[in-house]
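Asker: Give the three-dimensional model of this entry:
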Amino acid sequence: MTAQVKGPASYFPSIEKKYGRPIEEWQAVVRSAPGYGAGAAHMELVALLKDEHGMGHGHANAVVAHVLAEDRA
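Answerer: Okay, the predicted model is just below:
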């Protein structure tokens, strides 16, 4: 029996299917965003995915939340 994926990562299969790119590419988009290393706000990064890449709010929020949590660890 496999453990169920929870949290932001639970959105990853549907993000890949809907937008046709692997999640690693979306994570790279967030990490290369202007101001990312300088502390860009969570919602600024969400807005970038929504406005420049047409991603829905929930999907964009999941990608950003996961990247920020991963990079803080």
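Asker: got a pLDDT number for Ala73?
Answerer: The model reports Ala73 with a pLDDT of 68.
Asker: Report the contact partners of Val46.
Answerer: When contacts are counted by CB atoms under 8 Å, 6 or more residues apart in numbering, Val46 touches His57, Ala60, Asn61, Val64. The C-beta positions use only the backbone N, C-alpha and C, and glycine is treated the same way.
Asker: which of the residues you listed lies closest to Glu24?
Answerer: Within the contacts of Val46, the smallest distance to Glu24 is 14.6 Å, found for Val64 (CB to CB).
Asker: ok, which pair from the contacts of Val46 is furthest apart?
Answerer: Comparing every pair within the contacts of Val46 by CB to CB identifies His57 and Val64 as the most remote, at 10.6 Å.
Asker: Among the two, which residue is more densely surrounded?
Answerer: Counted by other CB atoms under 10 Å, His57 and Val64 do not tie: Val64 has more neighbours, with 27 against 11.
Asker: Quick check: the more buried one touching Ala40?
Answerer: No - at 9.5 Å, Val64 does not count as touching Ala40 under the criterion of CB atoms under 8 Å.
Asker: got the phi/psi numbers for Tyr36?
Answerer: Tyr36 adopts backbone torsions of phi -60, psi -50, taken as degrees, to the nearest 10.
Asker: So which residue is dead centre in this protein?
Answerer: Among the residues of the chain, the one closest to the centroid is Val63, at 1.5 Å (CA atoms, centre = their mean).
Asker: Sort out which residues of the strand or helix carrying that one are buried, please.
Answerer: Secondary-structure assignment from DSSP states H and E places Val63 in helix 57-72. By neighbour count on 16 or more other CB atoms under 10 Å, the buried set for helix 57-72 is His59, Ala60, Asn61, Ala62, Val63, Val64, Ala65, His66, Val67, Leu68.
Asker: any chance of the residues you listed in CSV, with distance to Lys17 too?
Answerer: CSV is the format used below for the buried residues of helix 57-72 (distance: CB to CB, whole Å):
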residue, distance to Lys17
His59, 11
Ala60, 16
Asn61, 18
Ala62, 14
Val63, 14
Val64, 19
Ala65, 19
His66, 17
Val67, 19
Leu68, 23
